[in-house]
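Enquirer: below are the sequence and a predicted model; questions follow.
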Amino acid sequence: MDILRIALNVVLVLTSALLILLILLHKGKGGGLSDMFGGGVSSSVGSSGVAERNLNRLTIGFALVWFAAVVLLGLIQKASPALG
């Protein structure tokens with residue numbers, strides 16, 4: 001059970017870092033904090049529809065893996081005997 005817990009913790013840390021990176025790569029839709037810090041000034045040179053769709057798919061995929069790791073860690077924690 002300890003190996004599974006360690007593996008899930010590693011998956012959780014990696015997917016958390018990748019989710020932060022992927023979310024920050026998304027194009028700002030305007031009206032939020034991205035416009036306040038210069039996000040609205042950037043042009044649409046590097047944004048294509050296919051790239052944005054693939055970024056969305058990657059983000060959703062990593063979010064599902066992250067969610068599964070959180071749920072599995074919670075189930076392992078609940079199933080493990082109480083210490084003490």
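Expert: It's in. Numbers count the residues shown, from 1 in each chain.
Enquirer: and the gap between the residue nearest to L19 when sequence neighbours are not counted and Q77?
Expert: Nearest non-adjacent residue to L19, counting by C-beta to C-beta, 6 or more residues apart in numbering: F62, 5.3 Å away. Placement of C-beta: from N, CA and C, glycine included. Distance of F62 to Q77, computed by C-beta to C-beta, to the nearest Å: 22 Å.
Enquirer: same for the longest helix belonging to the chain, what does it pack against?
Expert: The residue-count maximum for a helix in the chain (DSSP state H) belongs to helix 49-79. Applying 3 or more C-beta pairs under 8 Å, 6 or more residues apart in numbering; DSSP states H and E, we find helix 49-79 packed against helix 2-25.
Enquirer: F62 and Q77: who's more crowded?
Expert: Taking other C-beta atoms under 10 Å, F62 and Q77 do not tie; F62 has more neighbours (19 against 9).
Enquirer: can I assume that one is in contact with L22?
Expert: Yes - taking contacts as C-beta atoms under 8 Å, F62 lies within contact range of L22: 6.4 Å.
Enquirer: from R5, how far off is the residue nearest to L19?
Expert: Taken as C-beta to C-beta, the span from F62 to R5 is 20 Å.
Enquirer: same deal with L25?
Expert: Taken as C-beta to C-beta, the span from L25 to R5 is 31 Å.
Enquirer: what's the burial count for the closest residue to V11 other than its chain neighbours?
Expert: In space, and not counting its chain neighbours, V11 is closest to A69: 4.8 Å by C-beta to C-beta, 6+ apart. Neighbourhood size, A69 [other C-beta under 10 Å]: 20.
Enquirer: OK, contacts around A69?
Expert: 8, 11-12, 15 (C-beta atoms under 8 Å, 6 or more residues apart in numbering).
Enquirer: same question for V65.
Expert: If you count contacts by C-beta under 8 Å, 6+ apart, then V65 has 11, 15 around it.
Enquirer: okay, it: pLDDT?
Expert: pLDDT recorded at V65 is 97.
Enquirer: likewise for L14?
Expert: L14 is assigned 97 on the pLDDT scale.
Enquirer: separation between it and Q77?
Expert: 20 Å.
Enquirer: fine by me, thanks again.
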